[in-house]
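In: next come a sequence and a model predicted from it.
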Amino acid sequence: MFDSRMFFLFSLLLFFPIVVLSQTPAPSPSPPPPSCNSILLTYNHLSLRKLPPETTNSSKQPFRFESTAQILNNGLDELQSWRLFIGFQHDEFLVSATNAVLADGTPFPANTTSLEDGAVFAGFPISDLKTAVETAGDLPQMEANIDLVGTVFGVESPLVPMPKTISLVNDGFSCPSPTMQGDSTMYVCCVKDPTFRKTVSTEKLEDRQKADLVIMYDILRSYDSEYTAQVSISNYNPLTRLDYWKLSWTWMRQEFISTMKGAYPSIVDSRDCLFGPQGIYCKDMDFANVLNCQRNPTIVDLPLEKTNDSTLGGIPFCCRNGTILPPSMDPSRSTSIFQLTVKKMPPYLNRTDLAAPQNFQIKGTPNAHYKCESPGHVTPSLFPDSSGLLVNKTAVASWQVLCNITQPKDATPKCCVSFSAFYDDSVIPCKTCACGCPKNPSLTCNTTAPARLLPPDALLVPFDNRTEKDNCGVSINWHVNSDYAKGWSARITLFNWGETSFVDWFVALQFRKAVPGFEKTYSFNGTALNGSDNTIFMHGLEGLNYLVGEVDGSRPEKDPRVPGKQQSVISFSKKNTPGLHITAGDGFPRRVIFNGEECLLPGILPSKATAPSSWVTIVMCSVILILFY
């Protein structure tokens with residue numbers, strides 16, 4: 001009898017070869033890279049995905065890319081402190097990287113356009129790659145895999161955003177041009193350069209340079225597992241200052257701060273050590289006494305009363321409550337110094353294996369905006385020997401960080417200036433919204449309209465909606481007092497409309513021609529700035545160096561609040577300034593700087609033509625009387 005099941009199986013066997021033959025053959029795998037008996041570098045592009053927002057301009061369309069880079073040590077020598085260069089060429093925006101950091105200290109996310117057409121990666125937390133011989137071929141100890149995630153613009157599939165090159169930047173290695181394998185992989189074998197001769201130090205020491213602010217990182221004492229460093233912050237700009245400074249950096253080798261003198265971390269926190277590799281390595285350490293284990297610590301100054309504290313103070317130039325004055329005002333107070341003990345982690349347990357932290361940033365409240373460069377390794381600093389002998393002692397190693405003032409695009413002034421003169425009945429007030437406008441300016445004023453001229457008495461009126469008019473915490477009035485054949489005089493008045501007092505305030509005035517005739521200030525300490533023929537520098541006399549904040553009037557229930565005020569008359573001679581025309585504008589400053597911040601000046605100068613009509617004056621004076629009484 002015919003078995004139907006057998007017939008079905010027999011038919012299936014006859015059909016199966018036909019099915020197999022009709023399938024599209026799978027693509028053959030790409031050939032592996034050739035054997036490399038040194039350092040093999042590989043870069044693989046993995047994926048590309050469109051990101052919002054979608055744009056009509058294809059060159060601006062963002063895409064997420066994922067890739068991986070690999071360093072494999074197939075040589076006979078351990079590769080220490082590896083450095084990998086990836087030559088990005090599509091303006092990639094790097095969001096994250098595993099097992100590596102950017103060698104110059106730039107934090108993620110990072111724009112490769114600011115990294116000189118590429119990026120150098122350094123191993124973190126493992127920076128040394130062992131050999132197959134010493135590990136019996138244990139790949140995790142021989143290789144480093146860097147998983148990269150970022151954003152690229154205008155490179156849509158099937159295009160592949162590959163870098164233009166990859167190379168090892170460690171001294172003593174030579175890398176040829178990489179080889180492409182398909183359209184998404186490149187590799188290169190870097191071999192030792194037989195002509196390379198290692199010297200005692202392969203790092204060229206940089207020349208010391210000048211900047212607005214210079215931070216020195218000097219290592220004073222070095223041991224295998226820790227070192228003592230001294231950090232100094234020096235202000236070299238004669239017209240800027242720092243108040244309540246905050247200094248931060250990034251540790252690159254899992255270091256942590258054990259003790260400090262002269263300053264303190266803004267947060268005392270050892271949790272990152274307890275639950276991190278530091279806790280595993282330093283098993284017997286009492287982390288309750290460790291000051292800070294953050295990778296990005298923030299350091300603040302100590303108050304004045306800690307200057308001679310046996311535990312926290314005792315460091316020259318420490319404990320100024322975060323104030324660093326300009327050298328033109330007081331050279332002895334233009335520097336802050338503190339010391340710290342830094343604990344090191346493997347594999348850097350050698351007293352000569354030293355490195356400064358990266359990504360230094362410094363801020364003040366409120367102060368200029370500083371942009372700091374990467375630390376430069378410079379010749380060791382010299383310090384007076386503690387023995388008292390007339391000899392100098394060198395630091396073990398020194399790094400210099402240069403910080404210069406930059407002006408953010410969205411920055412607004414924090415002070416403004418009004419002008420007045422004996423020959424004009426009106427005051428040229430601060431510009432409308434001089435220090436920024438309120439969120440809804442239509443409810444208060446026309447932000448583009450010129451400020452209305454005022455009678456002189458109006459400067460003293462702290463009307464309730466003043467902050468809605470110009471938003472400035474400090475205003476300065478410059479009044480030309482007199483003009484005669486042999487000289488002239490002016491009066492400067494500082495108003496503090498905020499609640500915070502300014503201690504050790506200063507004002508700098510720049511003129512076109514008037515400074516050679518400067519004689520004296522009568523209530524301030526005033527001098528012509530050294531090395532300048534156009535700037536007058538003024539600050540409060542001893543005991544009168546406070547510009548207090550706004551306070552209640554004598555009758556709080558009726559009187560408006562009264563601003564803090566400082567005032568002085570300034571005299572000038574015309575002997576050294578022939579051709580000076582006071583009424584034509586030579587009697588007014590062209591720049592005014594208060595505590596390092598440039599103040600906004602009026603757009604016009606006083607003249608007879610700007611005097612308001614009598615009825616406007618009468619009305620405004622009446623308003624003033626009503627406000628006061």
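Out: Cool, got the structure.
In: buried residues, stretch 133-142. List them.
Out: For stretch 133-142, the neighbour count (16 or more other C-beta atoms under 10 Å) marks 141-142 as buried. To be clear about C-beta, it is placed using only N, CA and C from the backbone, and glycine gets the same treatment.
In: contact partners of it?
Out: Stretch 133-142 has contacts (C-beta atoms under 8 Å, 6 or more residues apart in numbering) with 72-74, 76, 78, 129-132.
In: quick one: which of those is nearest residue 272?
Out: residue 129 (25.7 Å; C-beta to C-beta).
In: which stretches of the stretch 351-500 of the chain form strands?
Out: 358-363, 369-372, 376-378, 382-384, 392-394, 397-406, 415-421, 474-483, 487-496 (DSSP state E, counting those that start in this stretch).
In: counting contacts, what elements does the fifth one pack onto?
Out: Contacts of strand 392-394 with other secondary structure elements, assessed using 3 or more C-beta pairs under 8 Å, 6 or more residues apart in numbering; DSSP states H and E, are made with strand 382-384.
In: now do the strand it packs on: which elements does it pack against?
Out: When contacts are defined as 3+ C-beta pairs under 8 Å, 6+ apart, strand 382-384 sits against strand 392-394.
In: direction included, what does the strand it packs on pair up with?
Out: According to DSSP bridges, strand 392-394 forms sheet pairs with strand 382-384 (antiparallel).
In: and residue 516, that's in a helix?
Out: Yes: assessed with DSSP: H, G, I helix; E, B strand; the rest coil, residue 516 lies in a helix.
In: just the element for residue 85, please.
Out: Element membership for residue 85, per DSSP states H and E: strand 83-86.
In: pLDDT averaged over that strand - what is it?
Out: If you average the pLDDT over strand 83-86, you get 94.
In: packing partners of it?
Out: Using 3+ C-beta pairs under 8 Å, 6+ apart, strand 83-86 sits against strand 62-73, strand 119-123, strand 166-168.
In: nearest to residue 392, of these?
Out: strand 119-123 (34.0 Å).
In: pull the CA atoms of whichever helix or strand comes after the closest one into PDB?
Out: Proceeding N to C from strand 119-123, the next assigned helix or strand is helix 132-135, under DSSP H and E. Output of helix 132-135 as PDB, limited to C-alpha atoms (Å, rounded to 0.1, in the frame of the first residue of the first chain):
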ATOM      1  CA  ALA A 132      50.600  38.800  24.800                       C
ATOM      2  CA  VAL A 133      53.800  37.300  26.200                       C
ATOM      3  CA  GLU A 134      53.300  38.700  29.700                       C
ATOM      4  CA  THR A 135      49.500  38.000  29.800                       C
END
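In: now the helix or strand following helix 132-135, how far from the chain's geometric center?
Out: Under the assignment DSSP H and E, the closest C-terminal helix or strand after helix 132-135 is helix 139-142. What separates the centre of helix 139-142 from the centre of its chain is 37 Å, taken as C-alpha atoms, centre = their mean, to the nearest Å.
In: check contacts around the closest residue to residue 530 other than its chain neighbours.
Out: In space, and not counting its chain neighbours, residue 530 is closest to residue 328: 6.6 Å by C-beta to C-beta, 6 or more residues apart in numbering. Counting by C-beta under 8 Å, 6+ apart, residue 328 makes contact with 238-239, 529-530, 537.
In: ok, now residue 87?
Out: For residue 87, the contact set (C-beta under 8 Å, 6+ apart) comprises 117-118, 163-167.
In: what pairs with the strand holding residue 85, parallel or antiparallel?
Out: Paired neighbours of strand 83-86 in the sheet (DSSP bridges): strand 119-123 (antiparallel), strand 166-168 (antiparallel).
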